[in-house]
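> I'll drop the sequence and a predicted model, then ask my questions.
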Amino acid sequence: MQINDMTTDGSGIGHSEDGLTVFVKGALPGDTVQAEIFRVKKRYALARLLSIDEPSEDRTEGFCSLDSRCGGCPMGRLTYDAQLRLKERHVRDALTRIAGLRDPLIRTALEAESPWRYRNKASMAVSTGGIITRKGGIVENLGEPAVGFYRGKSREVTDCPDCALQTEPAAAAAEALREFMRQDHITGYDPRWEKGLMRHMVVRTAFGTGEVMVILVINGKGIPHAAKLVAMLDEAVEEPFSLESVILNINKGKPGEIFGDKTEVLAGRPTINEELGGMRYEISPLSFYQVNPAQMVKLYNKAAEYAALTGGETILDLYCGAGTIGQWLLNELRSRDGEAFTGTKVIGIESQKSAVLDANRNAVINGIVNARYVCGKAEFVLPRLMGNSGDTADSVASAPVDEDLRITKADVVILDPPRAGCDERLLDAVTAAEPSRIVYISCDPATLARDVKYLNGKGYRFMEATPADLFCWTGHVETVVLMSRKDT
């Protein structure tokens, strides 16, 4: 069987003799393989890889001994150039098949200068291989501490002494936690029984300043001998990095989520500082921030190019998170023309209150007085700001509108939704604002293509797209798209 494509989770795609699509885990595009079909569905089949008769010219030995257990790098055995071509193809195929575009203009992917240790956020699960509860409620470990990542489609934690995608402080902090758990007999969380103390460790590293934050997520009220753990973490994080913040987050429920609702500072500051591209940001424990700082600069610069600000524009920054994109655009304009900058404004909308607080704080830090932020669901808030509240249960959207936030028309709209894409009600409100340009940043080609098709039906023409490789060695790809009103 010839393999000609690959899914985002690392399954090669081929076809049987009768034309049925077959997914083969472990096969790569360009491989000729022998595979055994073990499950047949209506439109596809799953097969087990038996042998590779002719390896792809893009196949490598890989770089990680844990790739068969962890599954976090499904493209880890492809050459980097082949990854980029494959991601460009996935974007093109989605826009052609789902959006119905003919020969869409897809620019060359923005490649990473270094695809190693690029992640500024490591979210690691913690386990001790299972626990038991004795009479009297005493919880005991069944194994060694494991700090790492879930195996694909399971809740089994693969212990990762190091990861080529994560920073050195992340690996050092994980080892310190393992040793602390051994010495003080601390249990790891077992989701089957919802028992055990340590659930997750999240390490955030600021590339521009070297500051590090460690977030410890627990299933309990506190960590025994927490001061000892803080000292071990501080000793583990070595120069040029420095541990500046240790945070405790309590998650006693929410089995599918990392963080719980209660967060407190164990040691140091509540935030760390990042400096990038002439901008300064404060990063709080729960704030969203692109995981690949070097590639983020390229992505945001491309977004600024597509926005093509000249001064005097009203910019809507929707799903704005901590306000980084809108503020980046304003700063880029300020560097070119200070007078044009003062006449331009950004209105951002974000549903997470903590992110809105971050956005306002970042605006102050960077001297950006012409950016305002509203907390609420964009599909409800934007119509309200435009004077059309409609039917909504969103309390923020129902509140009186500050005159500074009232919108009659927008010039540029920035869309940066989660993987699920945009709500149609939001897209309707966006097109009602009649912007001349829409800059759409997406982490999922399928939902991007779906929304491009919808916007096309509302009078907006797809101009071009640029993929950006923010997630090297994984199947994910970020894409920035420019759409323009058809009557402009």
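That came through, no problem.
> three-state assignment of S123?
strand (DSSP: H, G, I helix; E, B strand; the rest coil).
> Check which helix or strand M181 maps to.
For M181, the host element (DSSP states H and E) is helix 168-184.
> Just the buried residues of stretch 100-117, please?
For stretch 100-117, the neighbour count (16 or more other C-beta atoms under 10 Å) marks L101, P104, I106, A109, L110, E111, A112, P115, R117 as buried. Backbone N, C-alpha and C define where each C-beta goes, glycine included.
> which stretches of the stretch 1-150 of the chain form strands?
Using DSSP state E, counting those that start in this stretch, the strands found in the stretch 1-150 of the chain span residues 5-6, 11-15, 21-25, 32-40, 44-54, 121-127, 131-133, 139-141, 146-150.
> list the buried ones in the fourth one?
I take that to be strand 32-40. Applying a neighbour-count criterion of 16+ other C-beta under 10 Å, one finds V33, A35 buried in strand 32-40.
> cool, and the second one?
When burial is assessed from 16+ other C-beta under 10 Å, strand 11-15 yields the following buried residues: S11, G12, I13, G14.
> Run the angle between that strand and strand 32-40 for me.
90 degrees (axes from the mean of the first three to the mean of the last three C-alpha atoms, to 10 degrees).
> what is the rounded mean pLDDT of strand 11-15?
Strand 11-15 comes out with an average pLDDT of 96.
> Show me what the helix holding M181 is packed up against.
Contacts defined by 3 or more C-beta pairs under 8 Å, 6 or more residues apart in numbering; DSSP states H and E place helix 168-184 against strand 121-127, strand 146-150, strand 198-205, strand 211-218, helix 226-236.
> Figure out which of the ones you listed is closest to L329.
Proximity to L329 (C-beta to C-beta) singles out strand 121-127 among the helices and strands packed on helix 168-184, at 23.4 Å.
> show me the contacts for R178.
E144, P145, A146, V147 (C-beta atoms under 8 Å, 6 or more residues apart in numbering).
> per-residue pLDDT, the last one?
What it means is V147. Among the per-residue scores, V147 holds a pLDDT of 96.
> Looks like it contacts D162 (just checking).
No: if you go by C-beta atoms under 8 Å, V147 and D162 don't touch, sitting 11.2 Å apart.
> export the helix or strand containing A340 as CSV, just CAs?
Taking DSSP H and E as the definition, one finds A340 inside helix 338-342. What follows is helix 338-342, C-alpha atoms only, in CSV (Å, rounded to 0.1, in the frame of the first residue of the first chain):
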residue,chain,number,x,y,z
GLY,A,338,3.3,58.3,15.8
GLU,A,339,0.6,60.7,14.7
ALA,A,340,-1.3,58.0,12.8
PHE,A,341,-1.1,55.8,15.9
THR,A,342,-2.9,58.3,18.1
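> So which bits of it are buried?
Buried, per 16+ other C-beta under 10 Å, within helix 338-342: F341.
> elements contacting that helix?
helix 324-336.
> Only the buried residues of the helix it packs on, if you could.
T324, I325, G326, Q327, W328, L329, L330, N331, E332, L333, R334.
> so who does H225 touch?
Each residue near H225 by C-beta under 8 Å, 6+ apart is listed here: D184.
> do the one 5 residues further on as well
Neighbouring residues of V230 by C-beta under 8 Å, 6+ apart: V246, L266, A267.
> Most neighbours among those, which one is it?
Compared across these, V246 has the highest neighbour count, 21 neighbours, by other C-beta atoms under 10 Å.
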